[in-house]
Each structure stands twice: as structure tokens, then as C-alpha cells.
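Chemist: Just a sequence and a predicted model for now, questions to come.
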Amino acid sequence: MSKKIFKKTREVYFDQHKTYFRHNDLFNRFYQYAVSPKNYCLEKKFFKNATVLDAGCGNSGYFAKAMIDLGAKHVYCLDLGKQWIHNLKKGLKEKGVSLSKITCISGSVTKIPLKSAAMDFVACNGVLYVLPNVNLATKAIKELYRVTKFGGSVFAYFGVDKPGLIEKYIWPSLRDAYLKEKDFKNFIDKGDLDIWHKNFKILAKVFCKHDKLVSYSSLKKFINLINPETIMFTQDCLQTPVYQTNKLNREYTLKILKKIGARNIRSPKDFYFQRTDIRRFLTPLHVTKKSNLLSRILYGEHLKFTFDKRKRAKIK
């Protein structure tokens, strides 16, 4: 069963990640996040001449470019199979990244084909919660730590703590509908932006015919905020076979990090993503959970941690 889940998950992300190199605004938005050291609770000098592992890299490319631009000596990109490698290399070359600084590795985050203590920095973003089960997530975390050098650091996106209505009820309901409702599934899988726009514009015209509160031109601008990123995000949440964000909560995360011996565990501050799609209206909810009741009701805390591997003790 796990092999089927791994295969399906890789297929889903292979198709989704093609969007990054086709749309510069999407690539640049994620790149701007990835190239900022503060989002890993690290200083820029940490990355100079560093060896970096992107564990579960996919073929989006923005992280690898960000690491090279921060001064990393070499970036190792790891993911299942080999289908993604050509697309990733082609995209990075187009972005001006020297492929001599990139090594692509076929393998799983649950059994990383690298020697222990080989990497200065290991990142695993958006991978742990789509693994088949919690046991494999635990195995992956141990592997991330194993391949990190003594004195090095790991950054990982785990899951959600105290999930809000969106994570607890809305997305699970939509995922259930995706599996059971054929028309809905076909609509999502096709990912045809023209179909999305066409149907929303029909509704907008009907609205404007009977209600003069908002003009059709205004509604059309709003509809145009549904773009390829909207489709990619929706497919991400619905198509992946497993989405165990609610299981990888704070209690689980801190327990496993303590068990492996992680040191200096810290979380980056919330980052205000400059989205270009309709979700830009939701972004304030993500960065105001400490001060806004509605934000806390709708969304939980998305757990991103950086932690260090203790330095090897000196022999006296």
C-alpha cells in the first residue's frame, strides 16, 4: 500500500510542479521566501560554501536556486524516481543556475542514500505530511537528522497544531467529495483555468442582471484572481493520497525531536506571502493568529521548525 501511495504522490507533484517554471510570478514568490535566511532562523553567513540537501525536492526548483544564490557550494536534490530530474535541471538552467553545483538523487526521505553527517543544511518542506503514515514520517525525520553534519541544521515543515475549521472540517470534506463525486474530481483533475473562468463569469452575469450592487467589470477582476496558482493549490490539497497535517502536531513533533537529540529548536516568524491569486485575501488570517479570534477559529498553527545537530564533543 505504501508503495502505491508514494508513486501516486510523486505523480501528483510532478504535474503540479511544472507550473513553477511556466509562471515567473509563482516561482519568484516562493523563491523570495526561500532565499531569506530569517525564514530558517539562520544567518546568511551560515550558507556560504555549505552543502545542502533538499529532501523531497520535486521539480519546482526555487529552493535549489535560492540556496546557490545564498552562497551554498553544492545542493543535492532528492526525490522518488527519475522522471522529475530532466524538468528540474532544464528549469534551473533557464534560471541561470550552474548545473555543476546541483546533484539529483533518486531516493526516499525515509531512506536517504547519503552517508551520515554529510550535509551542513537539510530542508524538507511540504513532504512529511504527505507520507503514507506517521511511522514513516518519524523515520524520515530521523533520516534528515542522520545525514546532517554535527553542528549543522535542519529545517522541516511538519504539520498543523490545533487545527482550525479549514484544516479540521472544510478540506477533509472536500477531499472526501473529491474521492466520491465524479464531476467534482474531473473538474479538479482537469485543472482547466478557462473552464473555471467561464463558469464563474456565467454566475457573475446572472448576479449583475438581478443585483446592481457590484458591476460586472468589478466581478470580472475578482474572477481573474483565480489563476494557475489557485488550481495548483487546490490540486495539492485534494489529489495527494494522504494529508496527515493534523497528526503531525506540536506534541508529536517536539517528542520526536527530543528523542533524536535535536538542539536549539526554534520557529521562524510568520511570513506574509505576496500572493497573486484570490487567496491574497486570506493571507492576513495566516499572520494574525495570535491577535485575531477569527484567524484562530479558521486556521491552526502551521509547524515549521529549524533545529541543530549538536557538535561532536572534543576529545581532551
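Modeler: Perfect, I can see it now.

Chemist: low-scoring pLDDT stretches of this structure, where are they?
Modeler: Scanning the chain with the threshold set as pLDDT under 70 gives 1, 312-316.

Chemist: can you map out the helices along it?
Modeler: 2-22, 24-34, 62-69, 83-94, 134-146, 165, 171-180, 182-190, 193-210, 216-223, 228-239, 250-260, 283-286, 293-298 (DSSP state H).

Chemist: Could you identify which of the ones you listed is most buried?
Modeler: Most buried of the helices of the chain, by mean neighbour count (mean count of other CB atoms under 10 Å): helix 62-69, with a mean of 22. Every residue, glycine included, has its C-beta placed from N, CA and C.

Chemist: Quick check, Gln267 in contact with His302.
Modeler: No, residue 267 isn't Gln; it's Ser. No. The pair Ser267 and His302 does not pass the contact test of CB atoms under 8 Å, sitting 9.7 Å apart.

Chemist: More neighbours: these two, which one.
Modeler: Between Ser267 and His302, His302 has the larger neighbour count (other CB atoms under 10 Å), namely 18 against 13.

Chemist: who are the neighbours in contact with the more buried one?
Modeler: Tyr157, Gly159, Val160, Thr245, His286 (CB atoms under 8 Å, 6 or more residues apart in numbering).

Chemist: Please apply the same query to Arg29.
Modeler: By CB under 8 Å, 6+ apart, the residues touching Arg29 are Phe273, Gln274, Arg275, Thr276.

Chemist: how many neighbours does the third one have?
Modeler: When you say that, I think you mean Arg275. For Arg275, the count of nearby residues is 19 (other CB under 10 Å).

Chemist: and what of the second one?
Modeler: Here the neighbour count serves as a burial measure; for Gln274 (other CB under 10 Å) it reads 12.

Chemist: give the contact list for it.
Modeler: For Gln274, the contacting residues are Arg29, Gln32, Arg280, by CB under 8 Å, 6+ apart.

Chemist: could those go into JSON lines alongside distance to Asn125?
Modeler: Below are the contacts of Gln274 laid out as JSON lines (distance: CB to CB, whole Å):
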{"residue": "Arg29", "distance to Asn125": "14"}
{"residue": "Gln32", "distance to Asn125": "15"}
{"residue": "Arg280", "distance to Asn125": "21"}
